[in-house]
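Student: pasting the structure only:
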């Protein structure tokens, strides 16, 4: 089979590789049909994120099941499924608590398509076939009528956005939301804005200095405000920081209302000083870290199936599978390749 290899910044190539085979009763083989870039992928390709390669590329996508082990019950051959990027067994203590990104049955950070950080043994999803080790625990069937192309990022970035607004709006229905958008996690910030609208926030403000992202935010139903990431636009019960960098993180914390939640979905590559006394005084809940995506994928798909949220509005480029390399090297914000 063919799989896509990242061999260095700005370097991708297809290579021939032996097809994976079922080796356990709970496994499945899947054929990716719609693959998306994660927000860190363009940065990796530009050499701005420390994952230089070589490694099998790709960790977001929808696939078709082509084979299952004899103990698999939740999916069948021919099903279209979201493949979570994190490897999780579904039965260990962490998985039972919904912390599927920290599954104890495998080495820490085990994922598809993230090189040494996620473990090279899992391979990437930008390939003809992929082996899913825990099919019943991991794979999520697509609801009827949901376009695989629209939800190609349901493996990672869309659930990452959901965790920043979904639980918070469930605890405080109608609460106002501020998303500080930017280049670090551009699609996650936009997904968060759209999901907040879908989940009934009374007001969703999206702050950014990019005309392209502001236009997308407006199409998702958010109030798009052009300005620098440190601009003061009020205090909000729910804040999402997706811009990256110390200024954006500090601005997000400063904008968090009393008893508010601030979630940073960007990856900070350097330590940032936090105003702990001020956060303490306002009873500010701050969260950062990798999202545990598998438990919330069904909720995301339900919103899409109900017509309340359209993640396709965030996609900036859609190409055929055999055009993947050239399209990836152009590093669009959100690319989806379709087989």
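Tutor: Yes, it's here. Only a predicted model underlies this, so the values are computations on that prediction, with no experimental measurement involved.
Student: Sketch out the helices for this structure, chain order is fine.
Tutor: Ranges of helices within the chain are 40-45, 93-96, 115-118, 135-138, 157-171, 186-198, 211-219, 246-254, 276-282, 297-305, 324-329, based on DSSP state H.
Student: which strands and helices sit next to the longest one?
Tutor: Counting contacts by 3 or more C-beta pairs under 8 Å, 6 or more residues apart in numbering; DSSP states H and E, helix 157-171 is packed against helix 186-198, strand 236-241, strand 256-264, helix 297-305. C-beta coordinates here come from the backbone N, C-alpha and C atoms, glycine included.
Student: Let me know the angle separating it from strand 236-241.
Tutor: With axes from the mean of the first three to the mean of the last three C-alpha atoms, to 10 degrees defining the directions, helix 157-171 sits at 170 degrees from strand 236-241.
Student: Can you tell me what sits against the helix or strand of the chain with the lowest mean pLDDT?
Tutor: Ranked by mean pLDDT, DSSP states H and E, the helix or strand of the chain with the weakest confidence is helix 115-118, at a mean of 90. The set of residues external to helix 115-118 that reach it, using C-beta atoms under 8 Å, 6 or more residues apart in numbering, is 6, 51, 53, 54, 55, 59, 109, 110, 111, 112.
Student: Dump those to CSV, plus neighbour count.
Tutor: Conversion of these to CSV gives the following (neighbours: other C-beta atoms under 10 Å):
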residue, neighbour count
6, 25
51, 19
53, 17
54, 14
55, 21
59, 28
109, 16
110, 21
111, 22
112, 28
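Student: Pick the one among those closest to residue 270.
Tutor: residue 51 (16.8 Å; C-beta to C-beta).
Student: So the closest one sits against residue 44, correct?
Tutor: Yes. Taking contact to mean C-beta atoms under 8 Å, the distance of 4.9 Å between residue 51 and residue 44 places them in contact.
Student: which neighbours do those two share?
Tutor: Counting by C-beta under 8 Å, 6+ apart, the residues touching both residue 51 and residue 44 are residue 6.
Student: and stretch 76-95, which residues are buried?
Tutor: Under the neighbour-count criterion of 16 or more other C-beta atoms under 10 Å, stretch 76-95 has 79-90, 92, 94-95 buried.
Student: ok, and for the least confident helix or strand of the chain, which residues are buried?
Tutor: By neighbour count with 16+ other C-beta under 10 Å, helix 115-118 contains the buried residues 115, 118.
Student: where's it relative to the chain centroid, distance-wise?
Tutor: When distances are taken as C-alpha atoms, centre = their mean, to the nearest Å, helix 115-118 is centred 17 Å away from the chain's centroid.
Student: got a list of what the most centrally placed residue in the chain touches?
Tutor: The residue at the geometric middle of the chain, judged as the C-alpha nearest the mean C-alpha position with C-alpha atoms, centre = their mean, is residue 157 (1.4 Å). Residue 157 sits next to 36, 38, 39, 60, 185, 187, 188, 191 when contact means C-beta under 8 Å, 6+ apart.
Student: number of nearby residues for the first one?
Tutor: In this case it means residue 36. Residues contacting residue 36 under the criterion other C-beta atoms under 10 Å number 29.
Student: so what's it closest to, chain neighbours aside?
Tutor: Taking C-beta to C-beta, 6 or more residues apart in numbering as the measure, residue 36 lies nearest to residue 152, with 3.7 Å between them; neighbours along the chain are not counted.
Student: Pull up the gap between the one you found and residue 61, please.
Tutor: Distance, residue 152 to residue 61, by C-beta to C-beta, to the nearest Å: 5 Å.
Student: if I look at those two, which residues touch both of them?
Tutor: 34, 35, 36.
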